[in-house]
Every structure is written in structure tokens, then in C-alpha cells.
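**Q** When you get a sec, could you give me coordinates for this:
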Amino acid sequence: MSSPLKRSVNRSINRRIFLASSAALAGGLTMQAATPVHAASVADHIPNPTLDIDVRQAARNDPSEATLAEAAVLMRRGKLKSTVLTEAYLERIERYDGTYQAYAEVTAENARAAARRADRTPAGRRLLHGIPLCIKDNYFTAGVPTRCNSLIFEDFVPDTDATAVARLKAAGAFVLGKGQMGPLATTRATKPNGTVTTVNAWTPEDPSVDPGGSSTGPACAVAGRLASSSIGTQTGGSIVLPSNQQNLTGLKPTMGRVSIHGVIPLSFTRDHAGPLARDAMDAAIMLQVLAGPDPQDPRTLGLPAVPDLIRAATPVVARGGKVRLRRATRIGVPADFLSAQRELRTAFLTRLDAIPGVTLVDVAYPDDWALLTGTFNAARLAERTEPFRHWLRTDPTKFGVSLLSWLQGLMLSGDEWITAQRAKNHLLREVLDGVLTTADVVLQTGPVPFDILGLPEIGFPIGFDSAGVPVGTILGGQPYEEDRLLEVAAAYQAVTDWHTRRPTDPTPATARSFGATTARPRLSAEEAAASSA
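**A** This is a model prediction of the structure:
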């Protein structure tokens, strides 16, 4: 069978599997205790490739500057110890997190102990050996509070890890702390009363600048060099939007690629787990570990094999040193792509088009696109109320500023939800059998369309606006084709340096006195509902 024909057959099979799994809706993902995951069994499914990357001098000089991949390479070469890397992050957390407020909980002593154990053990076959990570605070973490930034879970300490956390630990990583988040994963990170906490790492002295939500803390921790990498969740845009806002590369995989067992739910047809990282390679490494079947999450079973994501994120250099795309790829550009940030997006398209293997093609949305991606997007609100009905009945004040959106979900009728599911199925077919027939991947102006459908998308930086705030773009792809998204992002990052730029640290005076002297904005109930994930 020829290679193009084989790819066509594989894509057809992927589509059929995705359509079947979307129709099934993966019942059983409810509020339940996470079943313990045995690290040895998980480790058997985690690859341990040789990372072939050049380590920048900046990473050699400052461990906190190193990407996850650079830190892993330095450790394997005996040039960096886990204890040194961990202390570098803890020192920055101590100095700057009073301003950033990226962490809900810092597990300093546990992290130090884990780092010492890592230094006593050869890196061997563990891909993330000795790497400290930030974990969003809606993932179960054994022995560490998982509050989901909510009064409902203020005293909750799980005795097991979420599957995603267990897989990271099995690969050699450990928890540095829990990342602050929007209350119950709805808005940007605030206190339950709506007062903003976590800021955008690029504008630490101006908390009014949007940091993206709800994985605000994990994004800020990575951008502010308070962690090597992090994991977040997305139910409306909360991986790709914080990545766009804070100069990161965030990868929301296809629904089912990563287990959400042990993650406090928000919407069982929309919840996704994925990495927020410094570049495409780091995102690939994280997803390579996270992805795979989990008997506790039926969405993960019976899917196509996880591709070699690390290879996909390794740029291909042709003769003469020119970077080319690993596979010829048609990149769809919708008509409204230049409707905002026109200058930056035009420059981005020009640079992208110059990469051999890239073909930019115009794509048209169907006439009912706005209706399908707007009005019916509200159906997710009914799903979020289902596992939380007990608290809505007994003490609705525990929902804080986000109560209005939970009540909106409670008011949606069963027939409205069914209509929305029919609309979703119609939208899915319009995307798979329409937009994605003329393009392999599609640029987007927002995360919602592909998020609704559970299709993969990646957010990565393309520059800065006039105020110095990062600007990113979002690329959506075919089901189970995270590797192609990584190929495009990695090739673009190989010919640009936006992803290597870091924000200026907060001034010491600001870091010491920020909470006492600087008024932070407060979201109203209406604003919280409008920005709800």
C-alpha cells in the first residue's frame, strides 16, 4: 500500500473511531474517588527516547531558564542535579509568587525529598527523571490538598493521584505545587468572591491584564519560571488561551487521548487534560507521557495508538540549514483570521508560508457556523450542574462569584440539551466533511469550535502587541493528529524566537508589598458568567 493511500485509510479509520466515541459520550465520568494507579504498569507504556537537542547557554547558566527538554538532557549528562533545579524554582517562588500568586499550594519539603531521591538514582529509562512540575489544583494529588479553588473542596485531601499525575510520577517527575485556578475551573483565577489572584506573568504589576483562564496559575508558573512545565484542563479554552496570553505552547489533545480520571469534573463532553509548556518540544514530551489508555476512563479505550510526538516536535533541517515541514501540510486560513491583530497575524502567515512543505489555503465556514458555535455552546452549562446538584441544593453560596453560570445550567431543559447534542453532531460533520477536507489543520480566532467537538488544538506564540503583552495563535487538527499540530508549531518555532523570550521579573518592592498596596480587580457575578469556561 502506498504511503499516501495508507495515510488516507488511517485518517478514515480515525474519523470513524472519533465519531463513534463522540456519540457514546463516555458515561461514567462522575465525581468519584480516583482508583490507585500502579506506577510500574504505567511506566511500561511510556517511551524513553534520546532527546537530540542543543542546550542553550542561558539554560546552562540558570536552571530556571532551561526548558523541560534542556533540563532532562543536562541531568542525563550529569550537568544538572534535580536538587539544584528544584531549589532554583523554590527560590523564585519565595521571591516572586507573592506577586504572581501562581500557586495555591507549594509542596516544598516533599519536592526537596523527591529531588534528593532522584539525584541518588540514575536517570535510566524515565523520561522526566527529576523534573519538578506544577499541577493544576483540580487534579487529585495524594496527600496534597485539591481544593479546585472552591469552598466546596476547601478541606479535600485525596489519598490517590489522578491518572495523569500518576503517569507523570511514573516517568520520574514530581509535584512542586498546585497551580491556582478559576473557581471550579470556570473563570480566570480569583478568590471565591471574585477578587483576582493570579496575574499575567508579563504584566505582574497590572492585574487587570487577562492571563487566560482557568488554568491561570499553571500558565503563570511556567511563564514566570516557577516550574519546568505544568498540566491544565480545558473545557472552553483554558489550555490554549493562557498559553496565548503568556507566551507558552499549550496542547489540548483529542478527547480521550489523556485520562481525566481523578480530575474534578466540569463538563463530561468537554473536559480535556493537557500540557502548558515553554515550547513545542516540551509540550510533546509532556503529552507523550500523559497520553494512553486508562481502564478508569472509557473515553481513552480503543483509540488509535499514540504517535511519536517527540519526533514530530523535532524540526527537520534540510540541506543548507533550512528548516522544512516534516510532512507537506495544508494549513487552512479562515476569512476572519485577520480581523484582529492584523499586522502580527499577517507577519505570522508570511513566515509560515516561507517554510517548505507549508501550503496556505483559504477555508470557508458554513452559513450556520455562528449559530452552532455560539448559541449551542451554552449546553455545557447543564453538564456542569449534574455532579454538583447536592451543593446547589444545600448551600449555593459555596459557588461564590461563579454561581450564576451554575444556575444557568440548572435552568436548561432536557430537550434543550438534546437539541444541542444534535447541533454538535451536525457541527462535527461540517468540520470533518467540510473544513477539514480542504485543509489538514486550520488556524482559528478562538478555541471554542474545536473545543466543543473534542478535536485537538495547539496554542503557540507569534509576537507581542504594542503594550508588550504576548499574542498567540491557535491551530486545530484532525482527530488523533496531535503530531501534525506539533510538526507545524515546531517548524515555526525553529525559524522564530518568540517562544524563547521571558518576562521581566517583578521588582523586589512590588513582590514584597503587592498584596497590601495594590488593589486587584474583582469580577462581578455577571462578568464571571460571561467569561465562564
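
**Q** where along this protein do the strands fall?
**A** Along the chain, counting by DSSP state E, strands occupy 103-106, 132-136, 174-179, 230-234, 249-252, 272-277, 316-317, 323-324, 329-334, 358-363, 441-444, 457-464, 470-477.

**Q** Please identify which of those strands is closest to Lys191.
**A** strand 103-106 (11.0 Å; C-beta to C-beta). No exception for glycine: its C-beta is placed from N, CA and C like everyone else's.

**Q** That closest one - which strands sit beside it in the sheet, and in what orientation?
**A** strand 174-179 (antiparallel) (DSSP bridges).

**Q** Show me the contact partners of the partner strand.
**A** Identification of contacts with strand 174-179 by C-beta atoms under 8 Å, 6 or more residues apart in numbering yields 86, 89-90, 93, 102-108, 110-111, 114-115, 118, 131-137, 139, 141, 144-147, 165, 169, 215-218, 220-221, 227, 230, 232.

**Q** looking at the strands of the chain, which is closest to Gln288?
**A** Per C-beta to C-beta, nearest to Gln288 of those: strand 272-277, 9.8 Å.

**Q** How far away from the center of its chain is that closest one?
**A** Centroid separation between strand 272-277 and its chain, computed with C-alpha atoms, centre = their mean, to the nearest Å, is 3 Å.

**Q** Counting by contacts, list what that strand packs against.
**A** With contacts taken as 3 or more C-beta pairs under 8 Å, 6 or more residues apart in numbering; DSSP states H and E, strand 272-277 sits against helix 216-223, strand 230-234, strand 249-252, helix 280-290.

**Q** Name every strand pairing with it and say which way it goes.
**A** Strands that pair with strand 272-277, judged by DSSP bridges, come out as strand 230-234 (antiparallel), strand 249-252 (antiparallel).

**Q** Put together TSV for these, with mean pLDDT on each row.
**A** Shown next, in TSV, are the strands paired with strand 272-277 (pLDDT from 0 to 100):
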stretch	mean pLDDT
strand 230-234	97
strand 249-252	98
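
**Q** okay, the strands of the chain, which one's buried deepest?
**A** strand 249-252 (a mean of 33; mean count of other C-beta atoms under 10 Å).

**Q** what does that one contact?
**A** Residues outside strand 249-252 that contact it (C-beta under 8 Å, 6+ apart) are 219, 232, 234, 239-240, 242-244, 272, 274-280, 282-284, 286-287, 447, 451, 456-461, 482, 485-486, 489, 493, 499.

**Q** Ok, stretch 52-69 next?
**A** With contact meaning C-beta under 8 Å, 6+ apart, stretch 52-69 is reached by 51, 70-71, 73-74, 79-80, 84-85, 88-89, 92, 128, 131, 225-226, 228-229, 277-279, 281-282, 285-286, 314, 500, 502.

**Q** out of the helices and strands packed on strand 272-277, nearest to Pro265?
**A** It's strand 230-234; of those, that one is closest to Pro265 (C-beta to C-beta) at 9.5 Å.

**Q** can you pull the contacts of Ala439?
**A** Applying C-beta under 8 Å, 6+ apart, the residues contacting Ala439 are 330-332, 361, 363.

**Q** what about the strands of the chain, which gets the closest to Ile264?
**A** strand 230-234 (8.9 Å).

**Q** Show me what that closest one is in contact with.
**A** With C-beta under 8 Å, 6+ apart as the criterion, strand 230-234 contacts 133-136, 138-139, 164-165, 168, 179, 181, 185, 214-215, 218-219, 221-222, 238-240, 242, 250, 252, 260, 263, 266, 271-277, 286, 290, 447, 451, 533.

**Q** circling back to that earlier point, indicate which one of the strands paired with strand 272-277 is closest to Ser466.
**A** Here strand 249-252 is closest among those (C-beta to C-beta), at 23.1 Å.

**Q** chain center to the closest one, what's the gap?
**A** The answer for strand 249-252 is 5 Å, by C-alpha atoms, centre = their mean.

**Q** Spell out the residue ranges of the helices in the stretch 301-450 of the chain.
**A** Using DSSP state H, counting those that start in this stretch, the helices of the stretch 301-450 of the chain run over 309-312, 342-353, 369-373, 380-385, 389-394, 403-411, 414-430, 436-438, 448-453.

**Q** Mind checking these for the one nearest to Gly476?
**A** Short answer: helix 448-453, nearest of the helices of the stretch 301-450 of the chain by C-beta to C-beta, at 3.8 Å.

**Q** circling back: I'd like to know which of the contacts of stretch 52-69 are part of helices.
**A** Those of the contacts of stretch 52-69 mapping onto helices are 70-71, 73-74, 84-85, 88-89, 92, 281-282, 285-286, per DSSP state H.
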